[in-house]
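Novice: Have a look at this prediction, sequence included:
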Amino acid sequence: MMDEKICAIEGCNEPASKEVDRSFLPFIQELKLRLKEEPGKKIPLCRRHYKMVKQVRDAQLSRF
């Protein structure tokens, strides 16, 4: 279950509230966030990091 997963961002030990696919990787890198390990198909993120990454993603997608 999701409650068992921990955020994949280095230095964060919050429980993951969402899992995103690898298409979010460029947005994570743009924020200069580092992952604890090489991501699999899904990247678990806590609420705070998910919100940050989603804001960058939405800003870039709205440019088109």
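Specialist: That came through, no problem.
Novice: who's in contact with the most centrally placed residue in the chain?
Specialist: The residue lying closest to the centre of the chain (C-alpha atoms, centre = their mean) is Leu45, at 4.6 Å. Each residue near Leu45 by C-beta atoms under 8 Å, 6 or more residues apart in numbering is listed here: Cys7, Ala8, Ile9, Ala16, Ser17, Lys18, Glu19, Val20, Val53. For every residue, glycine as well, the C-beta is placed using N, CA and C.
Novice: Now for the third one: which residues touch it?
Specialist: If you count contacts by C-beta under 8 Å, 6+ apart, Ile9 has them with Ile28, Leu33, Arg34, Leu35, Lys36, Leu45, Cys46, His49.
Novice: Outside of the longest helix anywhere in the chain itself, list whatever touches it.
Specialist: Secondary structure of the chain per DSSP state H: the longest helix is helix 47-61. Helix 47-61 is touched from outside by 7, 9, 12, 14, 17-18, 20, 24, 27-28, 30-31, 33, 45, with contacts defined as C-beta under 8 Å, 6+ apart.
Novice: And for the closest residue to Ala16 other than its chain neighbours, the neighbour number?
Specialist: Excluding the flanking residues, the one nearest Ala16 by C-beta to C-beta, 6 or more residues apart in numbering is Pro44, at 3.4 Å. Residues near Pro44, counting by other C-beta atoms under 10 Å, number 22.
Novice: likewise the one 5 residues further on?
Specialist: Other residues within reach of His49 by the criterion other C-beta under 10 Å amount to 23.
Novice: Likewise for Lys51?
Specialist: So Lys51, with other C-beta under 10 Å, has 12 neighbours.
Novice: ranges for the strands of the protein?
Specialist: Here the chain has its strands, by DSSP state E, at 18-21, 42-45.
Novice: what's the most buried one of the ones you listed?
Specialist: strand 42-45 (a mean of 22; mean count of other C-beta atoms under 10 Å).
Novice: Pairing partners for it, with directions?
Specialist: strand 18-21 (antiparallel) (DSSP bridges).
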